[in-house]
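[1] below is the structure, and that's it, no one-letter string:
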Ligand SMILES: [Zn+2]
């Protein structure tokens, strides 16, 4: 058996399905209580630095997607990406606008007063 996802509502253990960023939110109904276990959140925030290891823009965009997959695989409500103040930040903001238009993220905002971080909401 692969990774297990626990239903936060009733405790049922389910086999975790793979996360496809083009089909969000993932749909997996708990057979016991019928909730979509991928909409469940523990309210946590996943933080990752995607800009301070000399990443190229392309690599930073990949890392953004990796963060989103990790957050959907877990129970996070938000993802906080550290983007710095340069071109990566502009590219990530552009990508997030696209993702919001596509419904892949709920919303995002600059993590004021920390200009170099962006807070992304993925679950209610
Ligand atoms: Zn359940």
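    Arrived safely, thanks for sending. Since the model is a prediction, treat every value here as computed from it, not as a measurement.

[2] my read: residue 115 touches residue 84, true?
    No. When contacts are counted by C-beta atoms under 8 Å, residue 115 is not listed as touching residue 84 (9.1 Å). For every residue, glycine as well, the C-beta is placed using N, CA and C.

[3] look at these two and report which has more neighbours.
    Taking other C-beta atoms under 10 Å, residue 115 and residue 84 do not tie; residue 84 has more neighbours (17 against 12).

[4] pretty sure the more buried one sits in a strand.
    No. Counting by DSSP: H, G, I helix; E, B strand; the rest coil, residue 84 is not part of a strand but coil.

[5] got phi/psi on the residue nearest to it when sequence neighbours are not counted?
    Excluding the flanking residues, the one nearest residue 84 by C-beta to C-beta, 6 or more residues apart in numbering is residue 51, at 4.1 Å. When quoted as degrees, to the nearest 10, the phi and psi of residue 51 stand at phi -130, psi -10.

[6] ok, residue 51 touching residue 59?
    No. With contact defined as C-beta under 8 Å, residue 51 does not reach residue 59; the gap is 9.7 Å.

[7] look at those two and report which has more neighbours.
    For residue 51 versus residue 59, neighbours defined as other C-beta under 10 Å are more numerous around residue 51 (24 against 14).

[8] enumerate the residues of this structure near the ion.
    7, 9-10, 12, 30, 32-33 (C-beta under 5 Å from the ion).

[9] what's the local residue count around residue 54?
    Neighbours of residue 54 (other C-beta under 10 Å): 6.

[10] now it: how far from residue 27?
    Using C-beta to C-beta, to the nearest Å, one obtains 38 Å as the distance from residue 54 to residue 27.

[11] and what of residue 117?
    Distance of residue 117 to residue 27, given as C-beta to C-beta: 31 Å.

[12] same deal with residue 114?
    34 Å.

[13] what do you get for residue 92?
    Per C-beta to C-beta, residue 92 is found 27 Å from residue 27.
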